[in-house]
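Q: Sequence and predicted model, in that order:
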Amino acid sequence: MAMSLDGYIARADGDLDWLMKQKTESEDHGCDTFMASVDGLIMGRGSFENVLTFDDWPYHKPVVVMSQTLNDADIPGGLRNKVELSTLEPKELMQELGRKGW
């Protein structure tokens, strides 16, 4: 899980700027190793909406967005093969992804 030292994923306003500043040319702070060790990413609606404001989509692995309010129309066309929505509870989602080989 990506989180800041204070234990939060995002700032109080939902911003993830700290995460994008962590990777520099000389040090990635373990990000590349972590990404190589996982089959995909799971994030909430707020994080997903924030990442959509980035200049480029930063993930090369599949992304599952947990949301009770988003629908397929909320996923930009260029991300439809990279992002999947789920309304499952976390435990159920992990079981489903396990069945898919994650």
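A: Received the coordinates, thanks.
Q: tell me the mean pLDDT for whichever helix in the chain runs longest?
A: Longest helix in the chain, counting residues (DSSP state H): helix 90-99. The pLDDT scores in helix 90-99 average 96.
Q: and what of stretch 65-78?
A: Mean per-residue pLDDT for stretch 65-78: 95.
Q: Would you mark the buried spots in it?
A: For stretch 65-78, burial by neighbour count (16 or more other C-beta atoms under 10 Å) applies to V65, M66, S67, L70, I75. Bear in mind the C-beta positions are built from the backbone N, C-alpha and C, glycine included.
Q: Quickly check the residues you listed for the two that are furthest apart.
A: M66 and I75 (13.6 Å; C-beta to C-beta).
Q: how far away is the closest residue in space to R80 that isn't next to it in sequence from T33?
A: Using C-beta to C-beta, 6 or more residues apart in numbering and skipping the chain neighbours, the partner closest in space to R80 is D72 (7.6 Å). Distance of D72 to T33, given as C-beta to C-beta, to the nearest Å: 33 Å.
Q: secondary structure class for the closest residue to M35 other than its chain neighbours?
A: Distances taken as C-beta to C-beta, 6+ apart place K61 nearest to M35, at 6.6 Å, with adjacent residues excluded. Following DSSP: H, G, I helix; E, B strand; the rest coil, the label given to K61 is coil.
Q: Now do the contacts for K61.
A: K61 makes contacts with M35, V38, D39, G40, L41, as judged by C-beta atoms under 8 Å, 6 or more residues apart in numbering.
Q: Number of residues surrounding the fourth one?
A: This points to G40. When neighbours are defined as other C-beta atoms under 10 Å, G40 has 14 of them.
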